[in-house]
Structures are given as C-alpha cells and as structure tokens.
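Novice: Give me the fold of what follows.
(2 chains)
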Protein chains: 2
Amino acid sequence: MKRIVHIVTALFCTGAVLQAQRPPSPVSPEVHTDNTVTFRYYSRNAGQVSLSGEFLSGRQPMTKDTSGVWSITVGPVKPDIYPYSFWVDSVLLADPNNTLIFANERFKRSIVDIPGTTPLVHSWQNVPHGKISYRIYNSATLGTPRPLLVYTPHCFDTTGKTKSPVLYLIHGGSDTEETWTKVGRANFIADNLIAQGKAKPMIIVMPYGNVRPAPTPDFTKDMINDIVPYVEANYPVVKDSKHRAVAGFSVGGGQTLNIGLTNPDKFAWICSYAPFTGTEEFQKNFGDYQPDADKLNKQLKLFSISVGTEDFLYESVKKNIAFFGEKKIQVKSFIVPGGHTWMNCKLFLATSLEQLFKE
Amino acid sequence: MKRIVHIVTALFCTGAVLQAQRPPSPVSPEVHTDNTVTFRYYSRNAGQVSLSGEFLSGRQPMTKDTSGVWSITVGPVKPDIYPYSFWVDSVLLADPNNTLIFANERFKRSIVDIPGTTPLVHSWQNVPHGKISYRIYNSATLGTPRPLLVYTPHCFDTTGKTKSPVLYLIHGGSDTEETWTKVGRANFIADNLIAQGKAKPMIIVMPYGNVRPAPTPDFTKDMINDIVPYVEANYPVVKDSKHRAVAGFSVGGGQTLNIGLTNPDKFAWICSYAPFTGTEEFQKNFGDYQPDADKLNKQLKLFSISVGTEDFLYESVKKNIAFFGEKKIQVKSFIVPGGHTWMNCKLFLATSLEQLFKE
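Specialist: Below is the predicted model of the structure:
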C-alpha cells in the first residue's frame, strides 16, 4: 500500500519560512476506486490505534509503519456516507486530517463519503444547485437569537417570484442545525430529485432544535410562534397547511409528531423518522390521545413514520405506528433494514421529498 | 467550582429507551461573567489531561474529580475568540462537548468565544443580519466543482436590485472556505459595521483557496476565470475594478498579492494580511518586479499589508512592505501587536471593511 503524505507538508517545509511543530499530515480517508478505504493517523507515541465506523462491526486495529503513520484498509464498503472515529489508546477522536465532521454537540466524528460508480441520490451531480443560507432569527419564545439554515432550490433564484412550499426539517438530539446538510446532504438530495423532476421545488428550513431542559414543548412553541413566521416574512412562500411539511429524525422525529399532530391546521404533511417519543411532553399530549380521526385524516395529506429494523428504537416506533393506527389515523409506515443512522436518514428524506406537496 | 453535567444526559437516561454507551457530557467551555473560563473533559482512563489555547502560554494541566471529569479554570481572559485543544496523554484533540470547531484541514481545534460586557466588532449584536450562502461553482480551471460562501448584507435582501461591490476574502493555508465565518466571524463584523454606517454594504465572497500542489498560480487563474465570473453571473454586482477588492490571510495573503498585483485592472483594492510569500509563484512574479508605479498607484484605491509584531512571518512581511515601497508603490502598512492568529485576522478585516469602496 502506497503511503501518501499531504503535499502541503512540502510547501511549508520548503518555504522561506518554516512553521515548525506541525506533525505529518497523512491523507485520510483515501477512498479507492474499488470502494475499499484507507484510514491513516499519525502518532509516534500511541500504544494502540483503532478504527471505529458505522460500516464496521467493532473496532479494527490499525498498524504503524516506521514513520509513525497508523493505517488500515477496509472494505469494499457499500457506497454511502458513514461516520467514523479513531480510538487512540483510550481517547476517541475525529480524524484530524478530514474536514468532513459530523455536526454534533456531544461527540466529534468524521464522515467518509464513498461515492461508488453510479451517482447516489445524495451525491454531487452535475445539475443546477440550490443554495444553503445560514440565517439568524430572534426567538421570542426562547428569548435568544437562534440559527437556522434555509435551502432554496436553484429555480428559486432564476424564476424570482414563484411562491414555494416549505419543509421544516429537524435534526436528532445533540445534532445541530448543520447536521441535515453536513451529514444528511439534504441539499444535494433536493438538488438531484428536483432536477430529475421527482420532487417539487421547495424551500427546506433546518432549524436548531435543541432546547433544554424540555426539547419538545418549547421547541413546538418556537416553531409555531417564531420559526414559521420568520420564514414566511423573509421568503415568498405559500402560507397554508397544504404547503407546509414537518419532518425530523430521532428526538427531532418526536418533535415532528408533536409539532404536526398538535397543529394539523398548520402542517398537512408530517414525516417522522425513527422518532424518540420517551419525553414527558409526548406522554402528556398523546397519553390519552382521542383525536377526531375523520377530521384529521382530511386535514393531513401525508402522515408517515419511518424506521430501520435494526434501530434501537424499532420496537418503540412499531408501538407508535400501532398506536396511531388504533386511533384510526392513516399512518404510512416505511420500514427498511438498518439502524438509527444517518445512512437511513438520507433514504427517509429522499423518500419524503418524492411525496411532499404532490396531490 | 460547580460541576455541571449536560441536562441532555438526564433526558436520555430517564427516557423510555436508554441509549447506552454515551459517556458523561460535561459543559465545556463555560465562560463566566468575570471572563474566567472553565474547560472540562471526561476520561476515567487518561493519565494526564492538559489545556492548550491561544490565550495561554504553554500547556496547563487539568485536574480530575472523582467522577472522571478533568477541569481547569483560567483567566480572566481578554474578550475575543480563541482556538484551543486538549492534550489527553499524547493525543491532541478538539473539545468533544463544543460544537464550535476551527475549520481546518490539518488540525481539529475548538474555539471559545469570550464576549465580555461591551459588544465586540465580531459579536452577535441586535442589528439586521445578512446571510451566508453556501454555493458550488464549476471550476473550469481546476476541473472540479468547488465550494464558496457568499455573505450578502441585510439590505441586499430588502432593497432588491441595488448593485453591490464585492470583497473576495481568502483563508489561510489548510483553512477552508468556512474559516472566515466560523472563526473570523466575517459576517458579524460586516453586519455590525454596516449597521453602524462604518462600512459600505458589500457582498463578501469566501472561496476555497487550497489548490495543490501549486496554491498560487492555479488559484489566481481560478479566481479570475471562474470565481469572479460565477459571482458576477449570479449576483447583482458592479463589474469594474473600483468595486472589486481582494483580501486574504497567510497563504491567502500571498494569493491576495498575486491576484491583486497581477490584475490591477480587475481589483482596485488589495488587502493582504500576514502574507506568506515563500512560494515559487511569488518569486516568479515578483523576483524582478518592475512595475509602472505611477500607473499602478492610479489604478489602486488601496493597497495595504497588515501583520502582528509577534507573527512568525513578521520579518518576512516587513521585507514585503519595504520591497513594494522601493518600487514606489503606495503601500499602507498596518502593524499591530499579536501573532499569526485569527484574533488579528478579525481586526485586520474590520479595519479593511471601514476602508473599502470609499473614495
């Protein structure tokens, strides 16, 4: 296996000024054309370095060469985007030579993109690209400025005054407002499906959903009283329930159920991905839930719950689906292989985007 | 000192489903009202944990409590935004509990924002906010799609068709297109100075400047042939040299000199921050540079070079300033205390923004 040292090292070492103390910077990850991947980490002092990734079961030990670079080649790996980390002795850390970072408040993982030969729905493709705007709104509910990301499709710029439908898309607990783009590639998924005519052009709003100590009730208020009005004041959007969707993953999937089902006059499209529903607010709202199912089914254009069969929430989500079914609410379940992962999130989102705002 | 454990831990542990294996997640960093800062890191197994930060000289050892949380309180620290890392035994890593990450290709550092009591020029202030758009252009020069960020000021949205001047702002070597916003807070600096009437409203384009193996000549071509045309095709901007500026830090400061001085018909404003000029291309273009100084001085509205006296490039930059002075080019030098840091980058940018596009 060829060892490749980042060329920038040479630049800094041969330049007129030498910035000392920089350790070698091996290329990592290196994705090969056969879908095998080489990971590298430099350390002269570590006793053990291993790789942990969502394409592996368990940690895989890496081996050190004489220059202090630890490496491992794994796979071939099924093309997708996966989180991974290094264990260096007892320390778990992101790959220092990879700028693709899993946006999260509690851990630092890197992500590796294995593109394969056929472009995937989340891959960069040579189609017109929308843009992601980083914005700040003042939340009166939470008493603080908060970030949100807004995807606008390519045609939003070129056609000017068309009014768009809006998907409000919420990350998982401890993720951030960047996770749906940095890990979930929501923008590329939308670019590709819109270019192929499979999804309606839409705005996608990705707020920061973490609110402590009570993530669900306060965020529901923030969504209804602050986020939606902010978006509708700043973008040309259609302001009715048929042109508003809410979707989210994990804790965000629980927030989605809460936001959508307690506000069916505002959201006609509800897509919950692997929802975490073990919150007090969920119990409060749905513990003795007695909806007018006929009315609700007329209000909702789509109510779907998605989950993977190896998800640690699978049994819980199956109970959610059964619960809403018993209440005579039309719920579309989408059960696929896989775990509580962002690989599945991308699939769930792509599936929703092909359904939303069509009638 | 009070030990604070992130409340989300409680959520996950008391929920109906328990996601095991999550380590405790202490609050870190915690900035106190007296500008002292507490940093925390959880590890039961580490032998030594220490803090390394640009507000400290050398590593400071942290101490472990009985729950396995290592901590240190430092300061008071002068309000600013600083990079820092933890050393855990022999491993240098970013703070796993801090989402503010230094965008860089070769290291992972966290950043801590010490706001102080008087809002700083880079602080969030309650003024109208512009937005940052993440975009992709196809570089014919480099044969690949490349990312860039575009800051548009608040008034850009509200006034519609006003044509703007554009600042092209380049990061340092091994930084990324996100470093000027994530670390340099270019957007907040612009928001604040525009709101105060101190800076002209302008678009700021932050491209990805790393091109290997030759960062300067190829990026200059990319800027002239791809980036500027992309921006001018997609934004309502004034297309003449008096309404184009180029600025950059370190390797980006060297690129700035190259882009600006080899294209004075295209850029009338050149602001180079702590330039790294030890590249072959710089020697090629400026080794026996014999400009028509009179003509150049008429073309350029501003040519400034900024550096800190403790910058490892200080002597080199002083030579650059002297060199251009000997060629009778009017160069404005801006020499301040401090090193080759993003604390100084923010100051350099704020200073430039008050100068640009004014006559």
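
Novice: Now the residue in the stretch 151-300 of chain A positioned nearest to chain B: which helix or strand?
Specialist: Here the stretch 151-300 of chain A gets closest to chain B at one residue, A:Gly278, 3.3 Å apart by Cβ to the nearest Cβ. In short, each C-beta sits where N, CA and C put it, glycine included. Counting by DSSP states H and E, no helix or strand carries A:Gly278.

Novice: In chain A, what residue spans correspond to helices?
Specialist: For chain A, the helices defined by DSSP state H occupy A:7-14, A:154-159, A:179-182, A:186-195, A:217-222, A:228-234, A:251-261, A:280-286, A:293-299, A:314-326, A:342-355.

Novice: And A:Phe86, how far from chain B?
Specialist: According to Cβ to the nearest Cβ, to the nearest Å, A:Phe86 and chain B sit 9 Å apart.

Novice: who touches that residue in this structure?
Specialist: Counting by Cβ atoms under 8 Å, 6 or more residues apart in numbering or on different chains, A:Phe86 makes contact with A:39, A:41, A:49-52, A:62, A:92-95.

Novice: B:Lys242: which of the helices of chain A is closest?
Specialist: With Cβ to Cβ, the closest approach to B:Lys242 among the helices of chain A belongs to helix A:154-159: 26.6 Å.

Novice: Can you give me the neighbour number for the residue of the stretch 151-300 of chain A closest to chain B?
Specialist: Around A:Gly278 there are 18 other residues, counting by other Cβ atoms under 10 Å in any protein chain shown.

Novice: tell me which parts of the stretch 151-300 of chain A are close to chain B?
Specialist: A:157, A:173-174, A:176, A:181, A:187, A:210, A:212-213, A:215, A:234, A:276-279 (Cβ under 8 Å from any Cβ of the partner chain).

Novice: on that earlier part again, the contacts of A:Phe86: which ones sit near chain B?
Specialist: Applying Cβ under 8 Å from any Cβ to these, those adjacent to chain B are A:92-94.

Novice: Which of the residues you listed are buried? Put it as a ChimeraX command.
Specialist: Buried residues within the ones next to chain B among the contacts of A:Phe86, by 16 or more other Cβ atoms under 10 Å in any protein chain shown, are selected in ChimeraX with:
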select /A:92,93,94
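
Novice: Could you tell me what pLDDT the model assigned to the residue of the stretch 151-300 of chain A closest to chain B?
Specialist: Per-residue pLDDT puts A:Gly278 at 84.

Novice: Do I have it right that it meets A:Ser316?
Specialist: Yes. Look at A:Gly278 against A:Ser316 with Cβ atoms under 8 Å: they come within range, at 7.4 Å.

Novice: Run through chain A and note the low-pLDDT ranges.
Specialist: A:1-23, A:157-160, A:214-215 (pLDDT under 70).

Novice: what residues are up against A:Ser123?
Specialist: A:115, A:185, A:188, A:192.

Novice: Contact partners for the first one?
Specialist: It refers to A:Pro115. So A:Pro115 contacts A:31, A:79, A:123 (Cβ under 8 Å, 6+ apart).

Novice: Now, these that are in strands?
Specialist: Among the contacts of A:Pro115, DSSP state E puts A:Val31 in strands.

Novice: Which of the contacts of A:Pro115 sits closest to B:Val205?
Specialist: Ranked by distance to B:Val205 (Cβ to Cβ), the contacts of A:Pro115 are led by A:Ser123 at 25.4 Å.

Novice: For the closest one, give its distance to A:Phe188.
Specialist: 6 Å (Cβ to Cβ, to the nearest Å).

Novice: now swap in A:Val77 and tell me
Specialist: Counting by Cβ to Cβ, the gap from A:Val77 to A:Phe188 is 19 Å.

Novice: care to break chain A down by domain?
Specialist: Under the assignment automatic domain parsing, the domains of chain A span A:7-114, A:131-355.

Novice: now those in TSV, with distance to B:Gly143?
Specialist: Listed next are the domains of chain A as TSV, based on distance: least, Cβ to Cβ, whole Å:
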stretch	distance to B:Gly143
domain A:7-114	17
domain A:131-355	20
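
Novice: Deepest-packed of those, please.
Specialist: domain A:131-355 (a mean of 20; mean count of other Cβ atoms under 10 Å in any protein chain shown).

Novice: Any idea how far apart the tips of that one sit?
Specialist: Criterion Cα to Cα, to the nearest Å; first-to-last residue distance in domain A:131-355 is 22 Å.

Novice: For it, what is the distance to the chain centroid?
Specialist: When distances are taken as Cα atoms, centre = their mean, to the nearest Å, domain A:131-355 is centred 11 Å away from the chain's centroid.

Novice: just stretch A:110-125 next, same as before
Specialist: The answer for stretch A:110-125 is 15 Å, by Cα atoms, centre = their mean.

Novice: before we move on, what about stretch A:129-149?
Specialist: 17 Å.

Novice: any residue of that stretch up close to chain B?
Specialist: Yes. Contact between stretch A:129-149 and chain B, assessed by Cβ under 8 Å from any Cβ, occurs at A:129, A:131-136, A:138, A:145.

Novice: For B:Ile321, state which of those is nearest.
Specialist: Once Cβ to Cβ is applied, the member of the residues of stretch A:129-149 next to chain B that ends up nearest B:Ile321 is A:Tyr134, at 35.8 Å.

Novice: Return the residues in contact with that closest one.
Specialist: A:147, A:149, B:131-134, B:181, B:187.

Novice: Just give me the closest of those residues to B:Gly253.
Specialist: B:Thr181 (18.0 Å).

Novice: got a list of what that closest one touches?
Specialist: Counted by Cβ under 8 Å, 6+ apart, B:Thr181 has contacts A:134, B:132, B:149, B:151, B:187, B:206.

Novice: try 6 Å this time
Specialist: Applying Cβ atoms under 6 Å, 6 or more residues apart in numbering or on different chains, we find B:Thr181 in contact with B:132, B:187.

Novice: If we only consider the contacts of A:Pro115, which is nearest to chain B?
Specialist: Once Cβ to the nearest Cβ is applied, the member of the contacts of A:Pro115 that ends up nearest chain B is A:Ser123, at 11.2 Å.

Novice: before we move on, back to that, farthest pair within the residues of stretch A:129-149 next to chain B?
Specialist: Farthest pair in those, by Cβ to Cβ: A:His129 and A:Asn138, 29.6 Å.

Novice: Now, the contacts of A:Phe86 that are in strands?
Specialist: Reading strands off the contacts of A:Phe86 with DSSP E, I get A:39, A:41, A:49-52, A:92-93.
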